[in-house]
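*Asks:* what would the 3D arrangement of this be:
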Amino acid sequence: MKVIVSSGKRLERKVTLDIPDELFSRIEELAEKYGFRTEEALKILLTGDFLEDTEGISDEKLEELEKEMERLEGRLYELEGKWSPLKFRTYYLAMDNQNLSIQLSAMIAQNKRLRERLGLPERDYERVIKKIHYYLNFSKPGDSSEEPSP
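*Replies:* Here you go, the predicted model:
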């Protein structure tokens with residue numbers, strides 16, 4: 001297998017390596033086993049970013065780390081279980097807000113027309129219009145996208 005390593009900079013430097021196919025397949029297997037992409041595993045091997053002295057790590061320490069990982073994974077799933085319904089509800093609340101904003105916008109337009117026909121003075125709807133724009137995600141250039149105060 002021919003592997004080309006480049007610096008990724010404008011003035012590219014490239015190094016071409018010939019890796020035997022059986023060695024490359026072994027690297028792929030190990031990368032898959034430990035959850036790395038093949039490119040990451042090659043980078044680790046080429047840069048020497050791995051533990052050379054594994055004698056200082058005891059079996060007890062590894063077991064302790066594995067238990068900690070399992071505990072953290074359990075906590076992660078628990079938090080995802082709580083977060084998922086919240087995200088779902090938030091989405092539908094945002095949709096409800098948008099629908100209500102559209103309805104309110106139509107009511108304001110109707111109110112303006114009726115006031116004009118009846119000869120009543122105009123009202124200032126600027127505060128309400130700002131909220132409508134917020135919930136419909138409209139913003140004027142230069143406006144901050146913060147929620148208007150109630």
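*Asks:* remind me what the host helix or strand of I108 packs against, helices and strands.
*Replies:* Using DSSP states H and E, the element containing I108 is helix 59-118. Applying 3 or more C-beta pairs under 8 Å, 6 or more residues apart in numbering; DSSP states H and E, one finds that helix 59-118 contacts helix 126-135. Backbone N, C-alpha and C define where each C-beta goes, glycine included.
*Asks:* contacting residues around the residue nearest to E122 when sequence neighbours are not counted?
*Replies:* Spatial nearest neighbour of E122, excluding adjacent residues (C-beta to C-beta, 6 or more residues apart in numbering): R115 at 6.4 Å. Applying C-beta atoms under 8 Å, 6 or more residues apart in numbering to R115 gives the contacts P121, E122, R123.
*Asks:* could you dump the residues you listed into CSV with distance to Y135, secondary structure and pLDDT added?
*Replies:* Converted to CSV, those look like this (distance: C-beta to C-beta, whole Å; DSSP: H, G, I helix; E, B strand; the rest coil; pLDDT from 0 to 100):
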residue, distance to Y135, secondary structure, pLDDT
P121, 27, coil, 93
E122, 23, coil, 91
R123, 20, coil, 91
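*Asks:* just put those residues in JSON lines and tack on neighbour count and distance to M1.
*Replies:* As requested, the contacts of R115 are exported to JSON lines (neighbours: other C-beta atoms under 10 Å; distance: C-beta to C-beta, whole Å):
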{"residue": "P121", "neighbour count": "5", "distance to M1": "81"}
{"residue": "E122", "neighbour count": "9", "distance to M1": "76"}
{"residue": "R123", "neighbour count": "11", "distance to M1": "75"}
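*Asks:* fine by me, we can end here.
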